[in-house]
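Enquirer: Return atomic coordinates for the entry below.
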Amino acid sequence: MNNDADDMKISVLSSGSGGNVTYIETNQHKILLDAGLSGVRIERLMASINRSMKDVDMMLVTHEHTDHSKAVGVLARRYPQISVYANQPTWDAMADTIGEVPTNQKNIFLPNMTMSFGDIDIESFAVSHDAAQAQFYNFHHRNKSFVVLTDVGYISDYIYGTIKNANTYLLECNHDVEMLRSGDYPWSLKQRILGDEGHLSNEDGANTLMECIGNATDRIFIGHRSHHNNIKELAHLTVASMLEEHDFEVGHDFALLDTDVEKASDLFTL
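Expert: Below you'll find the predicted structure:
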């Protein structure tokens, strides 16, 4: 008999170019993935799903960009029970922006490896992004998996193999290509976003999902939307339309869900 208390619970607390934070919970661990908002805002978002930072015991950092790392140092110092994990290049790149993190709280999580923490296995995978060494994660618990991939310019075969047929995805649909091209960003920035070390467009995100979705997939979050170069409704319509054109039954085979920087998703059970 399945015991709901033993399942993995998840909330996308914030996702977008303005900040990224995800909460993952098992019976043994309370985990924060990234901390790209102020500490106070993250505490408020946690409270909105009836959870507290006082119970969080792990924090994983994907890369040093401030929309993912802004409150890493603040929260580590405020909550000394938290063990913080990142790869060494990311720790080095964050050193000047997050302040001191107590040595006993700092841990290394190498790219392309799986680490086991009691009742959860966490698999890291390196991605192509303009950071020191960006890596994202696949969370495995009781034969269920949750993939987060929100800052990547190019999806390698290795990544496809790592993230295929997850139960839930939080996947980047950063920009609409035409909005980006016609917008007021400098050309150099547009090139960076569109390049192999930049971000996935709405179409790129849909194409990635087509390669990954499997029979186990029941929930997809559209994440890391640019507030300059995208619109929630446009991203959703683009992804849904492309998937439906390739015979995926959105809303039947799986739920396609939007995310927000200011509002947490409901805490759901995987």
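
Enquirer: hey, let's count contacts and neighbours off CA atoms from now on
Expert: Will do.

Enquirer: Could you check how many residues crowd around Ile213?
Expert: For Ile213, the neighbour count with other C-alpha atoms under 10 Å is 22.

Enquirer: before we move on, what about Tyr154?
Expert: For Tyr154, using other C-alpha under 10 Å, the count is 19.

Enquirer: That one reaches Glu197, doesn't it?
Expert: Yes. Because the distance of 6.8 Å satisfies C-alpha atoms under 8 Å, Tyr154 is recorded as touching Glu197.

Enquirer: so what sits against both of the two?
Expert: Ser128 (C-alpha atoms under 8 Å, 6 or more residues apart in numbering).

Enquirer: neighbouring contacts of stretch 220-236?
Expert: 15-18, 20, 150-151, 168-177, 179-180, 183, 202, 254-259.

Enquirer: Could you do stretch 97-115 as well?
Expert: Against stretch 97-115 from outside (C-alpha under 8 Å, 6+ apart): 69-74, 76-77, 80-88, 121-126, 135.

Enquirer: could you dump that stretch to CSV, C-alpha only?
Expert: Provided in CSV are the C-alpha atoms of stretch 97-115 (Å, rounded to 0.1, in the frame of the first residue of the first chain):
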residue,chain,number,x,y,z
THR,A,97,28.8,37.8,-4.4
ILE,A,98,27.3,35.6,-1.7
GLY,A,99,29.6,36.4,1.2
GLU,A,100,31.1,33.9,3.6
VAL,A,101,29.5,30.5,3.9
PRO,A,102,30.8,28.5,7.0
THR,A,103,33.2,25.8,6.0
ASN,A,104,31.2,23.1,7.7
GLN,A,105,28.2,23.9,5.5
LYS,A,106,30.1,23.9,2.2
ASN,A,107,30.0,20.7,0.1
ILE,A,108,31.1,19.7,-3.4
PHE,A,109,28.7,18.1,-5.8
LEU,A,110,30.6,17.1,-9.0
PRO,A,111,29.0,17.3,-12.4
ASN,A,112,27.6,14.1,-14.0
MET,A,113,27.4,12.0,-10.9
THR,A,114,24.7,10.6,-8.5
MET,A,115,24.8,11.2,-4.8
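
Enquirer: mind listing what's buried in it?
Expert: If you call a residue buried by 16 or more other C-alpha atoms under 10 Å, then stretch 97-115 has these buried ones: Ile98, Val101, Gln105, Lys106, Asn107, Phe109, Leu110, Pro111, Asn112, Thr114.
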